[in-house]
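S.K.: need a 3D model of the sequence below.
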Amino acid sequence: MTRGNLNFVYQEWGSAPQTLYQYWNGDQCPSGLRDVYNVLAWLKEEKKLTKEGFIKWINKNYDNNIPTKITHPAIYYDAGNFITDYSYLFESNSVMVWNWGELLFDGDLKGFIKWIKEQ
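M.R.: Reported below is the predicted structural model:
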C-alpha cells in the first residue's frame, strides 16, 4: 500500500492561500491515482482546476470523504507528521508530485496529464 497526500491550494480574492487536504492509504502511486482513483476523469473535465472540482473528485473516489482545510500543503509528511510515499499538489493550472520528498513532476495541467498517462 502506498500512502499519499492530496493537496489543492487556492486563493480567494483578498485572503491568504488556503489548502484543501486529503490523506489516503492505498495505491497512491501515479498509476494508482490514474487507474483506481480516476484522476484523469477529473482533470479532463476542467480546463482550470477548481476547489469545487477537487472536492467532487475526492468525494467520488475516496469513500465519500470531504477534504479538510489545513494551513499549508502537506508534502512528504502528512498532517499528523508521518512520512508518506507520495504527495500531490494541485493549484489552478499547475501540478507537482513528490515521492519520498523527491520532486518527480512540476508543470502545467496539460503536462501532468501527459506525464501520468506514461506512468
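S.K.: would you mark the buried spots in stretch 63-70?
M.R.: residue 67 (16 or more other CB atoms under 10 Å). From N, CA and C alone the C-beta is placed, and that goes for glycine too.
S.K.: mind checking the end-to-end distance for it?
M.R.: 20 Å (CA to CA, to the nearest Å).
S.K.: what about it, average pLDDT?
M.R.: Averaged over stretch 63-70, pLDDT sits at 93.
S.K.: just the CA trace of stretch 39-57, in CSV.
M.R.: Presented in CSV, the C-alpha positions along stretch 39-57 are these (Å, rounded to 0.1, in the frame of the first residue of the first chain):
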residue,chain,number,x,y,z
VAL,A,39,-7.7,11.5,-11.6
LEU,A,40,-7.8,11.8,-15.4
ALA,A,41,-11.6,11.9,-15.4
TRP,A,42,-11.4,14.9,-13.1
LEU,A,43,-8.6,16.6,-14.9
LYS,A,44,-10.2,16.2,-18.3
GLU,A,45,-13.5,17.8,-17.1
GLU,A,46,-11.7,21.0,-16.1
LYS,A,47,-9.6,23.4,-18.2
LYS,A,48,-8.5,25.2,-15.0
LEU,A,49,-8.5,23.2,-11.7
THR,A,50,-11.0,24.4,-9.1
LYS,A,51,-11.5,23.7,-5.4
GLU,A,52,-15.1,22.6,-6.2
GLY,A,53,-13.8,20.1,-8.8
PHE,A,54,-11.2,18.8,-6.3
ILE,A,55,-13.8,18.3,-3.6
LYS,A,56,-16.1,16.5,-6.1
TRP,A,57,-13.2,14.2,-7.2
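S.K.: return the set of buried residues in that stretch.
M.R.: In stretch 39-57, counting by 16+ other CB under 10 Å, buried: 39, 42, 43, 46, 49, 51, 53, 54, 55, 57.
S.K.: point me to the helix or strand that includes the fifth one.
M.R.: Taking DSSP states H and E as the definition, residue 49 sits outside all helices and strands.
S.K.: the chain should start at 8 in everything you say after this.
M.R.: Shifting the count to begin at 8 puts that one at residue 56.
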